[in-house]
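[1] Give me coordinates for this.
(2 chains)
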Amino acid sequence: MKLIVKIIIIFLISITLNAREIGETEITTEDGIEVFQNEKFYLLKKNVNIISDNFTLSADEVKINFDKSLYDITELDANGNVDFKSNEFEIIGNGNFLNFKVKIEKIKVEGEESQLITSDVKMFSDGFIEVNNLNGDFLLKGINSKLVNENIIIKAETINGKFSENNNEKEITYLEVIDKNISYIKNNDTEMYAKKINFDYNTSIIELIDDVIIIRDEEKITGDYGTLDTRNNSYKIKSNNQNKVKVIIQNNE
Amino acid sequence: MIIFYKQINLNNIIIENTKNNFSNADISEPKFAINNESKNIYITASQGNFLNKDEVLLNKNVRFKSNDFSIETEKVIFNRDKQTAKSRTKSMFKSKNATISSDGFNIHDKGNIIIFYGNSNIILK
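    Numbers count the residues shown, from 1 in each chain, chains lettered A, B, ... in the order given. A predicted model of the protein is given here:
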């Protein structure tokens, strides 16, 4: 009985010694830590868990670069079954690999079924998703890349763009979408297909290049080049061959 | 008188030997250092036993101390020639705003590389 009490006391003391307090970050590993003091990084091995007030991360292995001391983290690379959540940036994500550059707030999630979800935007890719939180730049590259927010759905192999803060909401102000097969954008009531789709907030014009299809209501128009003005929702389609522009009025009845 | 004096001396020798046998240590309060270009790591312990020409088993209150960090544990094998240290006992690393607890450690490359073994826990403040 005394032995059990002693074991419980020792266990509770060891928990108290290792327990994280508010403002602290706790990292646990199952197979140790390798600290390289001259090179200024440490490796966290096997089933790594990082918990702080505003951030949690789990991964198979993690490499952390530091500046002055171990706590002064500059960059984090997480490898294998990466899962993370940041309350501060209202972001959750997962993938096979994560790179986070702390000072410039640049995050990259890589691998099959990668996800990066914020309060405004959901991003998915089997390649990689990269977001710079400071300047709003984002890039999704690889098959099954998809970006979804309240007003827009974008699917393509490459989705390159920029978010800007407008009335506390993230708005896409620049967009370059490329897919060698076909890119897809759904904006409000309009669906657009093309090999390349550009958008510039300043001109409010969505530009569609090659194998263009615009579908709205029961109307389907195809051509080689098209533009859609997001201010008045009007669009134009041209063709390299004048006879090629085709309009199909669908009857759903 | 001479015989009596010799007896006293013999008694002293016996007492000293007994003391050594009891502590079972080759060195009491051993002190070593790992030196590299940028910093020195000073090693102290309560006891030390030579395992061979280069290796010393440090026992009880083993402490590594540099300007940047300290490590405390109970048993360490220190290699004086290679300037390495290995431990498989519970260890506690402390530096400014960081502590690491582990199931042992290995210091090599003149203290540049420290490997902490087993289930490890870091607290960053």
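[2] The most centrally placed residue in chain B sits in which helix or strand?
    The centroid of chain B falls nearest to residue B:58 when counting by C-alpha atoms, centre = their mean (3.5 Å). Using DSSP states H and E, residue B:58 sits in strand B:55-65.
[3] Residue A:124 and residue B:47: what is the separation?
    As defined by C-beta to C-beta, to the nearest Å, residue A:124 lies at a distance of 61 Å from residue B:47. (Each C-beta comes from the backbone N, C-alpha and C, glycine too.)
[4] returning to that earlier point: against which helices or strands is the helix or strand just after the strand holding residue B:58 packed?
    Using DSSP H and E, the helix or strand that follows strand B:55-65 towards the C-terminus is strand B:69-79. Strand B:69-79 sits against strand B:55-65, strand B:84-87, strand B:91-95, strand B:105-108, with contacts defined as 3 or more C-beta pairs under 8 Å, 6 or more residues apart in numbering or on different chains; DSSP states H and E.
[5] what angle sits between strand B:69-79 and strand B:91-95?
    130 degrees (axes from the mean of the first three to the mean of the last three C-alpha atoms, to 10 degrees).
[6] what is the rounded mean pLDDT of strand B:69-79?
    In this model, strand B:69-79 carries a mean pLDDT of 96.
[7] mind showing which ranges of chain B have poor pLDDT?
    Applying pLDDT under 70 to chain B picks out residues B:1-23.
[8] Name the residues of it found near chain A, please.
    B:38, B:68, B:95-98, B:100-103, B:111-125 (C-beta under 8 Å from any C-beta of the partner chain).
[9] got the contact list for residue A:142?
    Neighbour list for residue A:142: A:125-128, A:157 [criterion: C-beta atoms under 8 Å, 6 or more residues apart in numbering or on different chains].
[10] coming back round to it: who does the strand holding residue B:58 touch, helix- and strand-wise?
    Other elements packing on strand B:55-65 under the criterion 3+ C-beta pairs under 8 Å, 6+ apart are strand B:40-44, strand B:47-50, strand B:69-79.
[11] With mean neighbour count as added columns, please give those in TSV.
    What follows is these, written out as TSV (neighbours: other C-beta atoms under 10 Å in any protein chain shown):
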stretch	mean neighbour count
strand B:40-44	17
strand B:47-50	18
strand B:69-79	20
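[12] For residue B:99, which non-adjacent residue is closest in space?
    residue B:123 (5.0 Å; C-beta to C-beta, 6 or more residues apart in numbering or on different chains).
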